[in-house]
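Enquirer: sequence-free structure coming up:
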């Protein structure tokens, strides 16, 4: 191909032109480089063979949709079954002790313990342990210490409240006894005064009758 064909855009030569080759000038070169070329359109994905897009024929990754209650994946080590069981036992005992304290001290206001049956409490602890194992929940030392404080001192707090209520009741009963004793003393003094007045009237009447005779 002649250089004139390249820089003249590949146009057909004029039949009437001379067969003699026209010399290439600087203006022809500038005109050739200034002529816009046709842009190559980007290939559409549908036009590309699947073998080129996915040569290994691997399945397309699906977006992960978190389910209800799912927790984000973390780098925490998996909780051992023994630690999960201990966590379940502490949670179950905490709820059992707290319920008994509230029910006895603030609702029924008596000394009765409203705790679950040991077998039922064990079932509840195992259920909490399974949840802790599945959700990878482990109580840290701070939470463990707080739970132990509540379980140990919760009943003692209830006992202290019962002692205070009993002391107030005894003080009220003692005050009522003192009031009753004071009222009884006043009643006896009143009866004695009435009896003395009657005795004085009787003696005065006898004296008046003796003088009249």
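Expert: Thanks, I have it. This structure is a prediction, so every number in the text was calculated from the model and none was measured.

Enquirer: so where is this structure shaky, pLDDT-wise?
Expert: Scanning the chain with the threshold set as pLDDT under 70 gives 1-24, 26, 28-76, 210-213.

Enquirer: please enumerate the helices of it.
Expert: 3-7, 26-34, 50-53, 81-102, 118-135, 141-212 (DSSP state H).

Enquirer: looking at the ones you listed, which is buried most?
Expert: Highest mean neighbour count among the helices of the chain (mean count of other Cβ atoms under 10 Å): helix 81-102, with a mean of 18. For every residue, glycine as well, the C-beta is placed using N, CA and C.

Enquirer: that helix - contacts with which helices or strands?
Expert: Counting contacts by 3 or more Cβ pairs under 8 Å, 6 or more residues apart in numbering; DSSP states H and E, the secondary-structure elements packed against helix 81-102 are helix 118-135, helix 141-212.

Enquirer: in CSV, list those along with distance to residue 81.
Expert: Shown next, in CSV, are those (distance: least, Cβ to Cβ, whole Å):
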stretch, distance to residue 81
helix 118-135, 6
helix 141-212, 17
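
Enquirer: between those helices, which gets nearest to residue 107?
Expert: Within the helices and strands packed on helix 81-102, the stretch nearest residue 107 is helix 141-212; the backing value is 11.8 Å (Cβ to Cβ).

Enquirer: tell me the angle of the closest one relative to helix 81-102?
Expert: Using axes from the mean of the first three to the mean of the last three Cα atoms, to 10 degrees, the interaxial angle of helix 141-212 with respect to helix 81-102 works out to 20 degrees.

Enquirer: ok, residue 150 touching residue 98?
Expert: Yes - between residue 150 and residue 98 a contact is recorded at 6.9 Å, counting by Cβ atoms under 8 Å.

Enquirer: sorry, back to before: closest one to residue 109 among the helices of the chain?
Expert: Among these, helix 141-212 sits nearest to residue 109 (Cβ to Cβ), with 7.5 Å.

Enquirer: does anything pack onto the closest one? Which helices or strands?
Expert: Short answer (3+ Cβ pairs under 8 Å, 6+ apart): helix 141-212 packs on helix 81-102.

Enquirer: out of the helices of the chain, which gets nearest to residue 108?
Expert: Scanning the helices of the chain with Cβ to Cβ as the criterion, the closest one proves to be helix 81-102, at 9.8 Å.

Enquirer: okay then, goodbye and thanks.
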